[in-house]
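Engineer: Take this sequence and fold it.
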Amino acid sequence: GDKLPTESEIMRILGVSRTVVREAISHMQAAGLVETRHGIGTFVLEPPSNNVLLGLDPNTVITMRDVLAILELRISLETEAAGLAASRRTEEQLQQLRSALDSFEAGIRGGGETVPSDVQFHLLIAQSSSNRYFFDILSHLGTNIIPRARLNSAKLAQDDPAVYLERVINEHEDIYNAIARKDPESARAAMRTHLSNSRERLRRAQELMEGASA
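Structural biologist: Take a look at the predicted model:
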């Protein structure tokens, strides 16, 4: 119920810019921690009672910096999940991975929808790890994060679209092939390469956008 200080007062107390203050308040609004009443101020709410997994609320992923942070989390989680999947996957799970990958590649080459099959591919790998916690966390993030993670990153980073799409296909194939031949270390390396490349594209896109705005 307490009222937050004004933007100007927060700027003075913390020594930050108005943009930073507004971004922080926007995050808190998205997380249901505060509400802004126009002409009156911003007030603290009761902590949300909804079941947000480990405090990870995809609705609070707003800026490109947020997406980069989530990608760093995904790199650590999915790298190990891929290694475990290579050791533990069943033939049925491998067939499901192949089907999801075929659908993903068909969408890319045909200019169609790719997000559902991309999400499914990554979730199937988590499921194939035989550790339900990988799947729980990634299923909580996946459908919300992967669409935002693209953010037309190839275009923003000034990559050639055809080269970018072919590279993404090859990255997914490398992950699949390592899991298919039950090679945990190669699976880890392929997943790390794939997600690290996504992070690098977004990082370059962020730098270009910040440079343009400056």
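Engineer: Report the buried residues of the host helix or strand of Val67.
Structural biologist: Assigned by DSSP states H and E, Val67 falls within helix 64-88. Neighbour counts over helix 64-88 (16 or more other C-beta atoms under 10 Å) mark 64, 66-68, 70-71, 74-75, 77-86 as buried. In short, each C-beta sits where N, CA and C put it, glycine included.
Engineer: for the next helix or strand after it, packing partners?
Structural biologist: Remark: after helix 64-88, the chain's next helix or strand is helix 91-110, criterion DSSP H and E. Other helices and strands packing on helix 91-110, by 3 or more C-beta pairs under 8 Å, 6 or more residues apart in numbering; DSSP states H and E, are helix 115-128, helix 161-180.
Engineer: Could you tell me the angle between the longest one and helix 115-128?
Structural biologist: Relative orientation of helix 161-180 with respect to helix 115-128: 20 degrees, computed using axes from the mean of the first three to the mean of the last three C-alpha atoms, to 10 degrees.
Engineer: hmm, who's touching helix 161-180?
Structural biologist: By C-beta atoms under 8 Å, 6 or more residues apart in numbering, the list of residues contacting helix 161-180 from outside reads 82, 85-86, 89, 94, 97-98, 101, 104-105, 108-109, 121, 125, 128, 154-155, 184, 186-187, 189-191, 193-194, 197, 201.
Engineer: out of the helices and strands packed on helix 91-110, which comes closest to Arg18?
Structural biologist: helix 115-128 (34.7 Å; C-beta to C-beta).
Engineer: Would you mind listing the buried residues in the closest one?
Structural biologist: For helix 115-128, by 16+ other C-beta under 10 Å, it's Ser117, Asp118, Val119, Gln120, Phe121, His122, Leu123, Leu124, Ile125, Ala126, Gln127, Ser128.
Engineer: Please confirm that Glu35 is located within a helix.
Structural biologist: No. With DSSP: H, G, I helix; E, B strand; the rest coil as the criterion, Glu35 is assigned strand and is not in a helix.
Engineer: quick one: it and Ile25 touch, right?
Structural biologist: No. At 10.3 Å, Glu35 and Ile25 do not qualify as touching, with contact defined as C-beta atoms under 8 Å.
Engineer: more crowded one of the two?
Structural biologist: Ile25 (17 against 12; other C-beta atoms under 10 Å).
Engineer: what inclination does the helix or strand hosting that one have with respect to helix 64-88?
Structural biologist: Assigned by DSSP H and E, Ile25 belongs to helix 18-30. In terms of direction (the same axes, to 10 degrees), helix 18-30 departs from helix 64-88 by 50 degrees.
Engineer: where does Gly32 fall, helix, sheet strand or coil?
Structural biologist: coil.
Engineer: and Thr90, how many neighbours does it have?
Structural biologist: Other residues close to Thr90 by other C-beta under 10 Å number 10.
Engineer: Look up how far Gln29 lies from it.
Structural biologist: Per C-beta to C-beta, to the nearest Å, Thr90 is found 45 Å from Gln29.
Engineer: Ok, Pro184 next?
Structural biologist: Taking C-beta to C-beta, one finds Pro184 at 43 Å from Gln29.
Engineer: can you check Arg109 too?
Structural biologist: 40 Å.
Engineer: who's more crowded, those two?
Structural biologist: Using other C-beta under 10 Å as the criterion, Arg109 and Gln29 rank with Gln29 on top: 16 against 12.
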